[in-house]
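**Student:** For reference, the sequence and a predicted model appear below.
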Amino acid sequence: MYWILLILMAMIVFASRYLFLEPKLPLKLNDKVLRLLSYSAPAVLAAVIGPLVLIHDGELNLNPLNPYLVGAIAAIILMLLTRSTLITAILSMGLFLYIN
Amino acid sequence: MIPLIVAVLPWGILVGAYGVESGLSPVETQALSLVVFAGTSQLVAIGMLQAGAGVASILLTTLLITARHLLYSMAMRNQVKNLPLRWRTALGFLLTDELFVNSPQTQTFDKWYALGGGLSFYIAWNIATLAGIIAGASIPNLTTIGLDFAVVATFVAILIPMIKSASVFICVGVAMAISIYCEVQGIQAGLLIAIISGMISGYLIYSMKRKEL
């Protein structure tokens, strides 16, 4: 049973990743749609970050000392100052592990 | 790509440790990373299996969580659709959040760079899953020390340089707020709803500034 589930999950995930890469699919993307799609990357990142930072065990955590919130704010500041994704990622992870 | 590989490691360890902690065998846990290769879907499926959910409800949830990939394949369509089938299949299989946000949807798209990045994530993801399976058996509470912060750290670092206009700023704010709301309400399609809402908000702000509306 587990293996059937795994194969079906893999098929669903692959189908959603592949569908619009298929040239036989009759779909023309005009400039307006492409403009709309240009917002998908920042929207994805924001939508993933939000709940990870502010929701723990299913509940909203707005405590300013919430380590995820402190770490995320540190990452924003580090990125604005250093402009280096690698330095930002490593230093903010270090800070988080230290305070958590 | 390198910062994202750094982020994939703790996230993969979390999935590996969570799998064995939840009662899956090491082989079953590793197979999820090898075949499905989708972090969020894997974590949710493991949680639902542990809670005794049925196959149909796990598959429906997978569909809701993974539907955002439709947007990625649409955004990359013009760059990838004319490549041979083996390229489309490979890039499609490897098209994760991480690869998508690292691939320019413009003329500068490079299939070798995308393939190299995607394969790096795949290898790192599977090695990290294995490490999580091994470490999870000997280190208690590995899943509760906050390994998921790695995703926050790297995604913030990638997001900040993208915010170059008011429209992107609004897009980010809306996507984040709606995603948090949906998560609190337990809405499985929350990620997709939040992403689409953010995209539409950004697009509307852009159009208003251009007086196209």
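**Tutor:** Nice, thanks for sending it over.

**Student:** where does chain A have low pLDDT?
**Tutor:** Applying pLDDT under 70 to chain A flags no residue at all.

**Student:** what are the ranges of the strands in it?
**Tutor:** A:55-56, A:59-60 (DSSP state E).

**Student:** ranking these by burial, who's on top?
**Tutor:** By mean neighbour count, with neighbours taken as mean count of other CB atoms under 10 Å in any protein chain shown, strand A:55-56 ranks first of the strands of chain A at a mean of 16. In this view, the C-beta of every residue, glycine as well, is placed from N, C-alpha and C.

**Student:** Can you name every helix or strand that that strand contacts?
**Tutor:** Secondary-structure packing of strand A:55-56 (3 or more CB pairs under 8 Å, 6 or more residues apart in numbering or on different chains; DSSP states H and E): helix B:166-185.

**Student:** Dump the strands of chain A into a markdown table; add distance to B:M176 as well.
**Tutor:** Listed next are these as a markdown table, based on distance: least, CB to CB, whole Å:
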| stretch | distance to B:M176 |
| --- | --- |
| strand A:55-56 | 12 |
| strand A:59-60 | 13 |
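
**Student:** wait, which of those strands is closest to B:G12?
**Tutor:** If you check each of the strands of chain A against B:G12 by CB to CB, strand A:55-56 wins as the nearest, at 20.9 Å.

**Student:** neighbouring strands for the closest one, and are they parallel or not?
**Tutor:** When pairing is defined by DSSP bridges, strand A:55-56 lines up against strand A:59-60 (antiparallel).

**Student:** Show residues contacting the partner strand.
**Tutor:** Residues outside strand A:59-60 that contact it (CB atoms under 8 Å, 6 or more residues apart in numbering or on different chains) are A:L54, B:I180, B:V184.

**Student:** Can you tell me which residue sits nearest the middle of chain B?
**Tutor:** Closest to where the C-alpha atoms of chain B average out (CA atoms, centre = their mean) is B:D97, at 3.8 Å.

**Student:** For the nearest residue to it once chain neighbours are set aside, which residues are in contact?
**Tutor:** Excluding its sequence neighbours, the residue lying closest to B:D97 (CB to CB, 6 or more residues apart in numbering or on different chains) is A:V44, at 5.8 Å. By CB under 8 Å, 6+ apart, A:V44 lies in contact with B:R68, B:L71, B:D97, B:F100, B:V101, B:A175, B:I195.

**Student:** Show only the entries of the residues you listed found in helices.
**Tutor:** B:R68, B:L71, B:D97, B:F100, B:V101, B:A175, B:I195 (DSSP state H).

**Student:** which parts of the longest helix belonging to chain B are buried?
**Tutor:** Longest helix in chain B, counting residues (DSSP H): helix B:111-138. Neighbour counts over helix B:111-138 (16 or more other CB atoms under 10 Å in any protein chain shown) mark B:114, B:117-118, B:120-122, B:124-133, B:136 as buried.

**Student:** just checking, next helix/strand downstream of that helix?
**Tutor:** Using DSSP states H and E, the helix or strand that follows helix B:111-138 in sequence is helix B:149-162.

**Student:** Which other helices and strands does that next one contact?
**Tutor:** Right, helix B:149-162 is packed against helix A:40-54, helix A:67-82, helix A:85-99, helix B:2-21, helix B:97-102 by 3+ CB pairs under 8 Å, 6+ apart.

**Student:** tilt between the fourth one and helix B:111-138?
**Tutor:** Okay, so that is helix B:2-21. For helix B:2-21 against helix B:111-138, the angle by axes from the mean of the first three to the mean of the last three CA atoms, to 10 degrees is 40 degrees.

**Student:** Can I get whichever helix or strand comes after helix B:2-21 in CSV, CA atoms only?
**Tutor:** From helix B:2-21 onward toward the C-terminus, using DSSP H and E, the following helix or strand is helix B:26-31. In CSV, the C-alpha atoms belonging to helix B:26-31 read as follows (Å, rounded to 0.1, in the frame of the first residue of the first chain):
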residue,chain,number,x,y,z
PRO,B,26,14.6,3.9,6.5
VAL,B,27,14.1,2.5,3.0
GLU,B,28,10.5,4.0,2.8
THR,B,29,11.8,7.3,4.0
GLN,B,30,14.7,7.5,1.6
ALA,B,31,12.4,6.4,-1.3
